[in-house]
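**Q** A structural model of the following input is requested.
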Amino acid sequence: MLYYLFTYLDREFDLMGASVFQYISFRAGMAAVLSLLITITFGKHLIEMLRKYQMGETIRDLGLEGQMQKKGTPTMGGIIIISAIVIPTLLFARIGNVYIILLLVTALWLGAIGFIDDYLKVKKQNKDGLRGRFKIIGQLGIALIVGLVMVFHQDVVVREFVGDAYQDAKSLFTTIPFMKGNEFNYAWLMPNLMDDYTWILYVLIVIFIVTAVSNGANITDGLDGLAAGTCAIIGLGLGILAYLSGNAIFSEYLNIMYIPYSGELVIFCSAFVGACIGFLWYNSYPAQVFMGDTGSLSLGGIIAVLAIVLRKELLIPVLCGILVIENLSVVLQVSYFKYTKKKYGEGRRILLMSPLHHHYQKKGIHEAKIASRFWTVGILLAIITLATLKLR
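**A** Numbers count the residues shown, from 1 in each chain. Purely as a prediction, here's the structure:
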């Protein structure tokens, strides 16, 4: 909103300093600062409000050290995270941008699903919360919207340069790491006579990615500060990728796809990172508030959609390695337990407990140390992800 206001003031009245809003770097910095201020300033008031309405976390005794001491800690802290993302984005981004609209809808959509789940668990004392099938239907819904917009919206294009000329073309190309051409066409997965139906395959892949990554963030949110810190690191990596993909000079230098209009995503990513870091003010050990499904589902969905619109979804296993391994640890643990129970009559486990962070808790490592080590691995994975831009 402020972008349009100051653009008008600069054009009509030549207002001193108004032109600074034309710079993405300035608006991104302002979005990050405002996001931090919102979470830190209003986070305390939200915690008090949640305590007042008895929105405390219900804890199941899993035999983990310090676990039961968290009983009654306010949850639904994701409200403040989503607010700190949406408000700065509305103020500093060009809200007519298709990618910005898509990400705002994703944040609010999945935040609403998570809120309903948390509300049922806490206020209605329903330990299962929102039924799994309804949660999956909600995730499928937003993923379907994202997939169809990416396929059919006129502004979703890739710019192809031919000498000094260029053309904006619709394509289902994406970035593939470590390969010389650095591009992969989903049409290559289809038989020759079915190229026209590649978009169906693409939409199905988008649905899988959004569902998997949002659930991965949800599973990762099991230790104080773990999910927020991990998502902040991933968001920073995606913000750098957005800046490079939306800049014609850098994209040409790095020989990566130039995606028109994607530069605005830097503002969204800045607000995202600011919200996550600001939330750590209250969520780091010992946590004063949990983000709940309200925050974790939304953060995971945002990360997935950012990767998809930047054509970097094949980098998710690297950049989002923490979320992926946490997700896989649960899938492998459950699958192996069922397999061994059927074969030997007794279920066996790969880990002491899943997800992976609980395995390390069972080994006697303090949760603050586990979280900091996971962040360290996350930083390393983000560096490797950025290195793939040149390592081919």
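**Q** do I have it right that Ile24 meets Leu265?
**A** No: judged on CB atoms under 8 Å, Ile24 makes no contact with Leu265 at a distance of 9.5 Å. Placement of C-beta: from N, CA and C, glycine included.
**Q** what touches both of those two?
**A** Gly246 (CB atoms under 8 Å, 6 or more residues apart in numbering).
**Q** which of these two has more neighbours?
**A** Leu265 (30 against 22; other CB atoms under 10 Å).
**Q** not counting its neighbours along the chain, what's nearest the more buried one?
**A** Nearest in space to Leu265, with sequence neighbours left out and distances taken as CB to CB, 6 or more residues apart in numbering, is Ala242 at 4.0 Å.
**Q** helix or strand for the one you found, which one?
**A** helix 226-245 (DSSP states H and E).
**Q** quick check: Arg159 is in a helix.
**A** No: Arg159 sits outside any helix when classified using DSSP: H, G, I helix; E, B strand; the rest coil, being strand.
**Q** that older thread, count the neighbours of the residue nearest to Leu265 for me.
**A** Per other CB under 10 Å, the neighbour tally for Ala242 reads 27.
**Q** what does Phe115 give?
**A** 22.
**Q** contacts only, for it.
**A** For Phe115, the contact set (CB under 8 Å, 6+ apart) comprises 76, 78-79, 293-294.
**Q** now swap in Asn255 and tell me
**A** Asn255 neighbours (CB under 8 Å, 6+ apart): Asn182.
**Q** for Arg311, see how far away it is.
**A** 14 Å (CB to CB, to the nearest Å).
**Q** which is the next helix or strand following the longest helix seen in the chain?
**A** Secondary structure of the chain per DSSP state H: the longest helix is helix 24-52. Sequence-wise, the next helix or strand downstream of helix 24-52 (DSSP H and E) is helix 78-92.
**Q** helices or strands up against that following helix?
**A** Contacts defined by 3 or more CB pairs under 8 Å, 6 or more residues apart in numbering; DSSP states H and E place helix 78-92 against helix 2-13, helix 24-52, helix 98-122, helix 265-283, helix 292-309.
**Q** give me the helices and strands touching the last one, please.
**A** When you say that, I think you mean helix 292-309. On a contact count with 3+ CB pairs under 8 Å, 6+ apart, helix 292-309 meets helix 78-92, helix 98-122, helix 132-152, helix 198-220, helix 226-245, helix 265-283, helix 316-319.
**Q** picking that back up, list the contacts for the residue nearest to Leu265?
**A** 262-263, 265-266, 269, 306, 310.
**Q** and what of Leu386?
**A** 237, 240-241.
**Q** what about Met194, how many neighbours?
**A** 12.
**Q** do the same with Asn97
**A** The burial count for Asn97: 18, using other CB under 10 Å.
**Q** pretty sure it sits against Gly263.
**A** No: judged on CB under 8 Å, Asn97 makes no contact with Gly263 at a distance of 9.2 Å.
**Q** give me the most central residue, the chain.
**A** Ile303 (2.2 Å; CA atoms, centre = their mean).
**Q** ok, that residue - contacts?
**A** Contacts of Ile303 (CB under 8 Å, 6+ apart): 213, 217, 231, 234-235, 238, 320, 323.
**Q** closest to Leu148 out of those?
**A** Val213 (18.6 Å; CB to CB).
**Q** so that closest one touches Leu323, yeah?
**A** Yes: in this structure Val213 lies within contact range of Leu323 using CB under 8 Å: 6.1 Å.
**Q** shared neighbours of these two, anything?
**A** 300, 303.
**Q** specify which residues of the stretch 1-150 of the chain, grouped into ranges, have pLDDT under the cut-off.
**A** 54-63, 65-68 (pLDDT under 70).
**Q** returning to that earlier point: who wins on neighbours among the contacts of Leu386?
**A** Counting neighbours by other CB under 10 Å, the top entry in the contacts of Leu386 is Gly237, with 28 neighbours.
**Q** how about the nearest residue to it, chain neighbours excluded?
**A** Closest residue in space to Gly237, ignoring its immediate chain neighbours: Ala382 at 4.0 Å, by CB to CB, 6+ apart.
**Q** and Asn185, backbone torsions?
**A** phi -100, psi 120 (degrees, to the nearest 10).
**Q** neighbours of it, how many?
**A** 15.
**Q** wait, Glu326 sits on Asn218?
**A** No: if you go by CB under 8 Å, Glu326 and Asn218 don't touch, sitting 9.4 Å apart.
**Q** quick check: the gap between the residue nearest to Val98 when sequence neighbours are not counted and Leu352.
**A** Using CB to CB, 6+ apart and skipping residues adjacent in sequence, the residue nearest Val98 is Asp155, 4.5 Å away. Between Asp155 and Leu352 the distance is 49 Å, computed by CB to CB.
**Q** equivalent analysis for Trp375, please.
**A** For Trp375 relative to Leu352 (CB to CB), the value is 22 Å.
**Q** ok, now which ones touch the residue nearest to Gly222 when sequence neighbours are not counted?
**A** Spatial nearest neighbour of Gly222, chain neighbours left out: His357 (5.5 Å); criterion: CB to CB, 6+ apart. His357 is in contact with 220, 222-223, 226, 326, 367, 370-371, 374, counting by CB under 8 Å, 6+ apart.
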